[in-house]
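S.K.: return atomic coordinates for the entry below.
(one chain, ligands or ions: 1)
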Amino acid sequence: MGQLVEGKWHDVWYPTKETGGRFVRPDAPWRDWVTADGQPAPGRSRGFKAEPGRYHLYVSWACPWAHRTLIFRVLKKLEEVISVSVVHHYMGKDGWTFRAEDGATGDRLYGSQFLHQIYTRADPSYTGRVTVPVLWDRQTETIVNNESSEIIRMLNSAFDEWGDASLDFYSKELRAEIDAVNALVYPAINNGVYRAGFATTQEAYEEAFRELFAALDTLEDRLSRQRYLVGDRITEADWRLITTLLRFDPVYVGHFKCNLRRIADYPNLSNFLRDLYQVPGVAGTVNMHHIKSHYYGSHRTINPTGIVPLGPALDYSAPHDRARFG
Ligand SMILES: N[C@@H](CCC(=O)N[C@@H](CS)C(=O)NCC(=O)O)C(=O)O
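M.R.: Model prediction:
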């Protein structure tokens, strides 16, 4: 864990002193867009045109934010259009590394040792965190964007000339409702588990914990009436939730102390989770070995021994009851 300061790597843990023990996730700084016509997105000056073979994703199998982009890449049939490098699951004093072992691929573009070298390649005096996912442009050798919620929107439509244009997870008529669900799920659940797990005061932990389970209860109720979060079609909102739910019972319950209930204890959420996991292509994006090894092995301030628990027994491919909604 660490960050770059004017292009130099510093090994530091997340600061929580000035925020009463609260973990506050900084905004991702690289926010340009790939568009079908190459025009810059509104308010941006740099434009990036969608082209096959031009863009590359740097991801971790462990990371729920990067996982969203892997799901969109597979479902939109962009595997031949956008290439990928996978970092090693252990994130220690050097941050994410390209140790090409145990399912990691190494840096397929430059053979770098560390992910922070990709950031300094884009900006030699960069100051900030070095996170995955990163959407990289091979042509201008820079980072286009490192905010997963925006990368998935690009994958959803900008590459439709080469991908599966029949799938739209952010269709115009559903946008308002998708945005409303995301506005609950992001702070309370996706980021909520981190706010609980990285809290350094009892108060900050309890605040995140209560918000998290209140939001899960709300979604449990919603999913008792409809198959997906926004009605009868799978949308972006479902994929944004699912990467957190997949990690919940194996990691967040124990490691992040999110232990009021497991997802397995929620009939609708657990069946919903299996339903989405069983969408063709999704299971292949779930690497439980990287997920468990990363969290339990890397966060030594939380788990000093680095021991990775063997349980719980999980079977996301077991039958689900969601077809009852048609
Ligand atoms: N807002 C970002 C967050 C990405 C993020 O925080 N990724 C984590 C891995 S799960 C990371 O790389 N953390 C390294 C760090 O914060 O130093 C997104 O959604 O893309």
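S.K.: where does Leu241 sit, in terms of helix or strand?
M.R.: helix 236-247 (DSSP states H and E).
S.K.: list the helices and strands that helix packs on?
M.R.: helix 64-75, helix 148-157, helix 175-185, helix 267-277, helix 288-298 (3 or more C-beta pairs under 8 Å, 6 or more residues apart in numbering; DSSP states H and E). To be clear about C-beta, it is placed using only N, CA and C from the backbone, and glycine gets the same treatment.
S.K.: so which of the ones you listed comes closest to Trp13?
M.R.: Within the helices and strands packed on helix 236-247, the stretch nearest Trp13 is helix 288-298; the backing value is 11.2 Å (C-beta to C-beta).
S.K.: wondering if the helix holding Leu241 reaches the ligand at all.
M.R.: No. In terms of C-beta under 6 Å from any ligand atom, no part of helix 236-247 sits within range of the ligand; the closest distance is 9.5 Å.
S.K.: what does that helix contact?
M.R.: 64-65, 67-68, 71-72, 149, 152-153, 156, 169-170, 177-178, 181-182, 185-186, 189-190, 193, 219, 228-230, 252, 263, 269, 272-273, 276-277, 282, 286, 291, 295, 316 (C-beta atoms under 8 Å, 6 or more residues apart in numbering).
S.K.: so for it, mean pLDDT?
M.R.: For helix 236-247, mean pLDDT is 99.
S.K.: can you check stretch 282-294 too?
M.R.: Stretch 282-294 comes out at a mean pLDDT of 98.
S.K.: between the helix or strand harbouring Glu206 and helix 175-185, how many degrees?
M.R.: Taking DSSP H and E as the criterion, Glu206 maps to helix 202-222. Inter-element angle recorded for helix 202-222 and helix 175-185: 140 degrees (by axes from the mean of the first three to the mean of the last three C-alpha atoms, to 10 degrees).
S.K.: using PDB, list the CA coordinates for helix 202-222.
M.R.: Presented in PDB, the C-alpha positions along helix 202-222 are these (Å, rounded to 0.1, in the frame of the first residue of the first chain):
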ATOM      1  CA  GLN A 202     -15.400   2.500  16.800                       C
ATOM      2  CA  GLU A 203     -17.700   5.300  15.900                       C
ATOM      3  CA  ALA A 204     -16.700   5.400  12.200                       C
ATOM      4  CA  TYR A 205     -17.000   1.600  12.000                       C
ATOM      5  CA  GLU A 206     -20.500   1.500  13.500                       C
ATOM      6  CA  GLU A 207     -21.700   4.300  11.300                       C
ATOM      7  CA  ALA A 208     -20.600   2.400   8.100                       C
ATOM      8  CA  PHE A 209     -21.900  -0.900   9.500                       C
ATOM      9  CA  ARG A 210     -25.400   0.400  10.200                       C
ATOM     10  CA  GLU A 211     -25.700   2.100   6.900                       C
ATOM     11  CA  LEU A 212     -24.500  -1.000   5.100                       C
ATOM     12  CA  PHE A 213     -27.000  -3.400   6.700                       C
ATOM     13  CA  ALA A 214     -29.900  -0.900   6.300                       C
ATOM     14  CA  ALA A 215     -29.100  -0.700   2.600                       C
ATOM     15  CA  LEU A 216     -28.900  -4.500   2.200                       C
ATOM     16  CA  ASP A 217     -32.300  -4.700   4.000                       C
ATOM     17  CA  THR A 218     -33.700  -2.200   1.500                       C
ATOM     18  CA  LEU A 219     -32.400  -4.200  -1.500                       C
ATOM     19  CA  GLU A 220     -33.600  -7.500   0.000                       C
ATOM     20  CA  ASP A 221     -37.100  -6.000   0.100                       C
ATOM     21  CA  ARG A 222     -36.800  -4.600  -3.400                       C
END
